[in-house]
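>>> What would the 3D arrangement of this be:
(chains A and B)
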Amino acid sequence: EAGVAQSPRYKIIEKRQSVAFWCNPISGHATLYWYQQILGQGPKLLIQFQNNGVVDDSQLPKDRFSAERLKGVDSTLKIQPAKLEDSAVYLCASSKTSGPNYEQYFGPGTRLTVT
Amino acid sequence: KNEVEQSPQNLTAQEGEFITINCSYSVGISALHWLQQHPGGGIVSLFMLSSGKKKHGRLIATINIQEKHSSLHITASHPRDSAVYICAVGNSGGSNYKLTFGKGTLLTVNP
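Predicted coordinates:
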């Protein structure tokens, strides 16, 4: 079974530029998560999708971050414009559905550096 | 105060030592998760538990719901156990299950 795929793995941009990250979850997984992990911190949930609907985006800075999962499969996360404090690893995870008995499988992450 | 506190933040051990990492939380939970993160970012789920104790190989996880505390133990530690160990608590709100993560414990096991 293929794991969660993410691209790119690394990205360096200047502040005020735009960037997009892509995630392809495990086939058949209805729930998709985007996390932001700042160096030395645990992951923080940015947005959670159930199929193609958003179920939690309470911690997404909506003035600059957006995400979509149009066909309920792969997803993109965009930052526009980027700030220095957006430097972090962006992790995508998926699970069969949402619930304590369903393991989340994480992708390798995209390391973003904003200069 | 963070909802999930881990201790210690950093831990260095010699190969073969018994390791304990602690996690305390301040909210009611549906389940508690232990995860492992190797350099380069990949995160792997180790345990999910809502009561008692679970064991997998040399890893043991325990939880005390009344005291809001969990421990992860590693017996006969090995250099390949070197990683960041993260505690996360899960809460169900409606149909949505959400994890809140601790900052992690960086474990280094020296040969």
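
>>> residue contacts, A:I13?
Neighbouring residues of A:I13 by CB atoms under 8 Å, 6 or more residues apart in numbering or on different chains: A:V19, A:A82, A:L112, A:T113, A:V114, A:T115. All C-beta atoms are positioned from the backbone trio N, CA, C, and that covers glycine.

>>> Kindly give a single ChimeraX line that selects the buried subset of those residues.
Entered in ChimeraX, the line below selects the buried ones among the contacts of A:I13, by 16 or more other CB atoms under 10 Å in any protein chain shown:
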select /A:19,82,112,114
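
>>> would a markdown table of the contacts of A:I13 with pLDDT and distance to A:Y90 be doable?
Converted to a markdown table, these look like this (pLDDT from 0 to 100; distance: CB to CB, whole Å):
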| residue | pLDDT | distance to A:Y90 |
| --- | --- | --- |
| A:V19 | 98 | 9 |
| A:A82 | 97 | 12 |
| A:L112 | 98 | 6 |
| A:T113 | 98 | 12 |
| A:V114 | 98 | 12 |
| A:T115 | 97 | 17 |
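
>>> With secondary structure and distance to B:I60 added, can I get the contacts of A:I13 in a markdown table?
Listed next are the contacts of A:I13 as a markdown table, based on DSSP: H, G, I helix; E, B strand; the rest coil; distance: CB to CB, whole Å:
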| residue | secondary structure | distance to B:I60 |
| --- | --- | --- |
| A:V19 | strand | 41 |
| A:A82 | coil | 43 |
| A:L112 | strand | 36 |
| A:T113 | strand | 38 |
| A:V114 | strand | 41 |
| A:T115 | coil | 44 |
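
>>> same for chain B: which of the contacts of A:I13 are within range?
Among those, no residue lies close to chain B (CB under 8 Å from any CB of the partner chain).

>>> Take the contacts of A:I13 and lay them out in CSV including distance to A:S27.
Putting the contacts of A:I13 into CSV (distance: CB to CB, whole Å) gives the following:
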residue, distance to A:S27
A:V19, 27
A:A82, 31
A:L112, 27
A:T113, 31
A:V114, 33
A:T115, 37
